[in-house]
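A.B. asks: I'd like to go over a predicted model; first the sequence, then the structure.
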Amino acid sequence: MPDASDSILPAFVGLPRPVTRFAPSPTGYLHIGGARTALFNWLYARHHGGTFLLRIEDTDRARSTDDAIAKILDGMNWMGLTADRPALFQFARAGRHAEVAHRLLDQGKAYRCYATAEELEAMREEQKAKGLPQRYDGRWRERTDTPDLPYVVRLKAPREGETVIEDKVQGTVRQANSELDDFVLLRSDGTPTYMLAVVVDDHDMGVTDVIRGDDHLTNTFRQLALIRALGWPEPSYAHVPMIHGPDGAKLSKRHGALGVEAYRDEMGILPEALENYLLRLGWAHGDTELVGRDEAVKLFDLDGVGRSPGRFDLKKLESVNAHYMKQADNCRLVALAAPRMAESLGAELTAQNREVLLRSMDELKTRAKNLNDLAASALFLVRTRPLAMDEAASKLLDDAGLSLLADTRASLAAATDWDRDALEAVGKAVAEARELGLGKVAGPLRAALTGQANAPSVFAVMAALGRDESLGRIDDALG
RNA sequence: GGCCCCUUCGUCUAGCGGUUAGGACAGUGGCCUCUCACGCCAUAAACACGGGUUCGAGUCCCGUAGGGGUCACCA
């Protein structure tokens, strides 16, 4: 029966509904699947005008670390998925969990089980040998003796009938109660199990909608049994399919089950791109592919979430990222690219470097799939003279190329305006005078200016570099 | 193994009894072009299989196969 102590925690009273929550265990970083679960919870809350909460499930003391907590918070922060209330830490609530278990014990809805680990192991072996399902057989369910031995508290789960979940993603899912066993609520050291902790915390936080990975679907039958024993309101459930690797197997580290910070730091992905990609992996709204945050809040709902697992596809992520790179503000991109460039350069960028970079950003960002590409492709702009020529560039600077470059240099030096259009006019004039295509003129010029054969428009490059630097680089090539 | 879930182009998906089965990424071909990109156009590519139900099935039902999840004093 509900108890007077079963009111929602003061910090969570009166929150706008629906109330969702993301409940990671801090045993590592915020991985890609977790990020998507958080995103769906966040979007659902925003779409319906509700509340998004965060709970850190740190009851596994051996594996939970402060570093992991910091990483998860950092990842959520980067993705803009911040909770509407301070996080609740599960371990701190062990006392309350135990209290609930003891109440069930007092009410005869739970019981003490004195079976030893070895005994249970033997029981499972026997079940396995006989081809029976492996589950606790309830050997202490009806016993009333209380030996002076360590014990666990088990829920007296229903054995008749069936439990039905009306899942917002999976639809109606039913399971016979005979499949349930009397699972453990309290360990022999008095600490709560996950199953107990989740149910109690979700209740105490006023969570109305549980949206989580479908690896929890079968756990839900157990949790429902507990909730019903307690007489608490049942939340509505939505179990979203997990993400698989490119080979269809469960997503592992080598597939990209990395922390979101790896996408940020190592792969140079923009948070809005990761969000859009993750959103579309498992959710769809007609043919819409590119969905910004505001649009996502408007469109997102659980009925758009599919039931089959999706595979992680880096190529698609990069394609989405390329789109958001083009949309991104130039100053922001300079700030994001600069540290990466400084790293390959071995030196910080100067204020002047940053200006050149900013002036080139429109040209640069259309050809980058990620920040690493962007930084790498921009390096030539900030290198100090004389530039090293790569192989393809050297080829362009053969005798004919150098002679053409000398001509071009003379015309360029005479230019009155140093902007892209004026420079392009100069380039075209040189080409015309020599009855050549513009490509012939641009080739050696590009080599001299960039040290490469592939780069943005030479005229845009010169405009960004400025007169002195441009001419200087050409002179270097001319020797 | 028991139970639960899933199955449309290579990938993400649209489809909610009647469609030339649509879009996106990746692929291929082309256009544009000072190179590389971007952009644009075109192209190839799918209803896992077998039974039903129905005038009619990718859509509904039942099997089969394959994949996934779960069965802890882990979360």
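C.D. replies: In hand now; what should we look at? The structure presented is a predicted model; accordingly, all values stated were derived computationally and were not measured.
A.B. asks: helices or strands up against the helix or strand hosting residue A:99?
C.D. replies: Per DSSP states H and E: residue A:99 is located in helix A:94-106. Applying 3 or more Cβ pairs under 8 Å, 6 or more residues apart in numbering; DSSP states H and E, one finds that helix A:94-106 contacts strand A:110-113, strand A:152-155, strand A:184-186, helix A:194-204, helix A:217-230. C-beta: built from backbone N, CA, C; applies to glycine.
A.B. asks: Serialize the ones you listed to JSON lines and add fields for distance to RNA strand B.
C.D. replies: Putting those into JSON lines (distance: least, Cβ to the nearest atom of the strand, whole Å) gives the following:
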{"stretch": "strand A:110-113", "distance to RNA strand B": "8"}
{"stretch": "strand A:152-155", "distance to RNA strand B": "5"}
{"stretch": "strand A:184-186", "distance to RNA strand B": "4"}
{"stretch": "helix A:194-204", "distance to RNA strand B": "3"}
{"stretch": "helix A:217-230", "distance to RNA strand B": "4"}
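A.B. asks: to residue A:56, which of the ones you listed lies closest?
C.D. replies: Residue A:56 sits nearest to helix A:194-204 of all the helices and strands packed on helix A:94-106, at 10.4 Å, using Cβ to Cβ.
A.B. asks: now the closest one: buried residues?
C.D. replies: Of all the residues in helix A:194-204, those buried under the rule 16 or more other Cβ atoms under 10 Å are A:195-204.
A.B. asks: quick one: the helices and strands packed on helix A:94-106 as a markdown table, columns for distance to residue A:37 too.
C.D. replies: As requested, those are exported to a markdown table (distance: least, Cβ to Cβ, whole Å):
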| stretch | distance to residue A:37 |
| --- | --- |
| strand A:110-113 | 30 |
| strand A:152-155 | 26 |
| strand A:184-186 | 25 |
| helix A:194-204 | 14 |
| helix A:217-230 | 13 |
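A.B. asks: export these to TSV and tack on mean pLDDT?
C.D. replies: Formatted as TSV, the helices and strands packed on helix A:94-106 follow (pLDDT from 0 to 100):
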stretch	mean pLDDT
strand A:110-113	95
strand A:152-155	96
strand A:184-186	96
helix A:194-204	96
helix A:217-230	96
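A.B. asks: for residue A:451, give me its contacts.
C.D. replies: Applying Cβ atoms under 8 Å, 6 or more residues apart in numbering, we find residue A:451 in contact with A:380, A:383, A:387-390, A:393.
A.B. asks: dihedrals phi and psi, it?
C.D. replies: phi 80, psi 10 (degrees, to the nearest 10).
A.B. asks: next one: the one 4 residues further on
C.D. replies: The main-chain torsion angles of residue A:455 are listed as degrees, to the nearest 10 and equal phi -170, psi 170.
A.B. asks: pLDDT score for it?
C.D. replies: Predicted confidence (pLDDT) for residue A:455: 96.
A.B. asks: next one: the one 4 residues further on
C.D. replies: What the model reports for residue A:459 is a pLDDT of 98.
A.B. asks: what residues are up against the residue nearest to residue A:219 when sequence neighbours are not counted?
C.D. replies: Distance criterion Cβ to Cβ, 6 or more residues apart in numbering; nearest residue to residue A:219, sequence neighbours excluded, is residue A:195 at 6.9 Å. The neighbours of residue A:195, taking Cβ under 8 Å, 6+ apart as the test, are A:183-185, A:219, A:222-223, A:226.
A.B. asks: let's see that with 10 Å instead.
C.D. replies: Going by Cβ atoms under 10 Å, 6 or more residues apart in numbering, residue A:195 touches A:155, A:183-185, A:219, A:222-223, A:225-226.
A.B. asks: kindly report the same for residue A:416.
C.D. replies: For residue A:416, counting by Cβ under 10 Å, 6+ apart, the contacting residues are A:422, A:426.
A.B. asks: show me what from the stretch 201-350 of chain A comes close to RNA strand B.
C.D. replies: Contacts of the stretch 201-350 of chain A with RNA strand B, taken as Cβ under 7 Å from any atom of the strand, map to A:214-219, A:241-242, A:244, A:246, A:248-250, A:280-284, A:286-287, A:289, A:304, A:306-311, A:313, A:315-316, A:319, A:322-323, A:326.
A.B. asks: which of those are buried? Put it as a PyMOL command.
C.D. replies: To isolate in PyMOL the members of those that are buried, counting by 16+ other Cβ under 10 Å, one can use:
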select buried, chain A and resi 214+217+241+242+244+280+281+282+283+309+310+322+323
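A.B. asks: that older thread, how about the helix holding residue A:99, does it get close to RNA strand B?
C.D. replies: No: using Cβ under 7 Å from any atom of the strand, helix A:94-106 never reaches RNA strand B; the gap is at least 9.9 Å.
A.B. asks: chain center to that helix: distance?
C.D. replies: Chain-centre distance of helix A:94-106: 36 Å, with Cα atoms, centre = their mean, to the nearest Å.
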